[in-house]
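A.B. asks: give me coordinates for this.
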Amino acid sequence: MKKITVKLYSLHWDLFDRLINLVGLRRDTYLAKVLPAELAEIRSQDWGNDVAGEKYLRASASLFDQVWKQVTITLPSELVDEIDSLCKEKRVPRDHLLNAILQFVTYRVLPYAIVLNQPRASMKFCGEDELLAAVIGWLGVESIEEYKETMCDEFYPNELHYTEELIADIEATFQSLRGRGRTVQRRASNA
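C.D. replies: This next block holds a predicted model:
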């Protein structure tokens, strides 16, 4: 077994931690069980960051330091080696990789954790859509359709894949938004 320390987005970690406690599971044992399948899924996907994408992810973590939480997790040594190998292969910082996996697992499992926690109270849910409707507010999505779109096969590339071209597009968008903000400020000061 090996202890690793990772910085995880507080919102995702707190929700995952509450979920695990809700159903009475051991956190690290559960992670050791689900991580191999998620790592295999990510490894099978045809994407990887270029140098600029990896640098962008590393820099983005420091921009939002106040919303990240340092967490120690104990996992089998082979699993930690597999995580590190995948991070190197895809050029994704370990913190970002584990954060994306936690987000995915939490979003997928939360509706069913409610049923596991209170089987009788959840009898009013006849199907998956009714169950999802009850929890979409916790997940930070507006609708069941948005939830299903978020949980698509492209979840990991959408969360983790950055290229020099994509970063340039993001920066151009921010520049245009900044320009609009100045225009609004100038108009307000001229009025």
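A.B. asks: which element follows the least confident helix or strand in the chain by mean pLDDT toward the C-terminus?
C.D. replies: Lowest on mean pLDDT, DSSP states H and E among the helices and strands of the chain sits helix 128-139, with a mean of 64. For helix 128-139, the following helix or strand on the C-terminal side (DSSP states H and E) is helix 144-150.
A.B. asks: quick check: buried residues in that next one?
C.D. replies: Of the residues in helix 144-150, those scored as buried under the neighbour-count criterion (16 or more other CB atoms under 10 Å) are 147, 150. Glycine gets a C-beta too; all of them are placed from N, C-alpha and C.
A.B. asks: check which helices and strands that helix sits against.
C.D. replies: With contacts defined as 3 or more CB pairs under 8 Å, 6 or more residues apart in numbering; DSSP states H and E, helix 144-150 has these neighbours: helix 128-139.
A.B. asks: could you rerun that using 10 Å?
C.D. replies: Helix 144-150 is packed against helix 94-117, helix 128-139, helix 155-160, with contacts defined by 3 or more CB pairs under 10 Å, 6 or more residues apart in numbering; DSSP states H and E.
A.B. asks: check the ones you listed for me: which has the lowest mean pLDDT.
C.D. replies: The weakest mean pLDDT among the helices and strands packed on helix 144-150 belongs to helix 128-139, with a mean of 64.
A.B. asks: please name the residues that touch the residue nearest the centre of the chain.
C.D. replies: Among the residues of the chain, the smallest C-alpha distance to the mean C-alpha position (CA atoms, centre = their mean) belongs to residue 100, namely 3.0 Å. For residue 100, the contacting residues are 9, 12, 38, 42, 92, 155, 156, 157, 158, 159, 160, taking CB atoms under 10 Å, 6 or more residues apart in numbering as the criterion.
A.B. asks: dump the residues you listed to JSON lines, plus neighbour count and distance to residue 77.
C.D. replies: Converted to JSON lines, the contacts of residue 100 look like this (neighbours: other CB atoms under 10 Å; distance: CB to CB, whole Å):
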{"residue": "9", "neighbour count": "19", "distance to residue 77": "26"}
{"residue": "12", "neighbour count": "23", "distance to residue 77": "25"}
{"residue": "38", "neighbour count": "19", "distance to residue 77": "18"}
{"residue": "42", "neighbour count": "22", "distance to residue 77": "20"}
{"residue": "92", "neighbour count": "26", "distance to residue 77": "20"}
{"residue": "155", "neighbour count": "20", "distance to residue 77": "27"}
{"residue": "156", "neighbour count": "20", "distance to residue 77": "24"}
{"residue": "157", "neighbour count": "17", "distance to residue 77": "28"}
{"residue": "158", "neighbour count": "12", "distance to residue 77": "30"}
{"residue": "159", "neighbour count": "16", "distance to residue 77": "26"}
{"residue": "160", "neighbour count": "24", "distance to residue 77": "24"}
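A.B. asks: all set, thanks.
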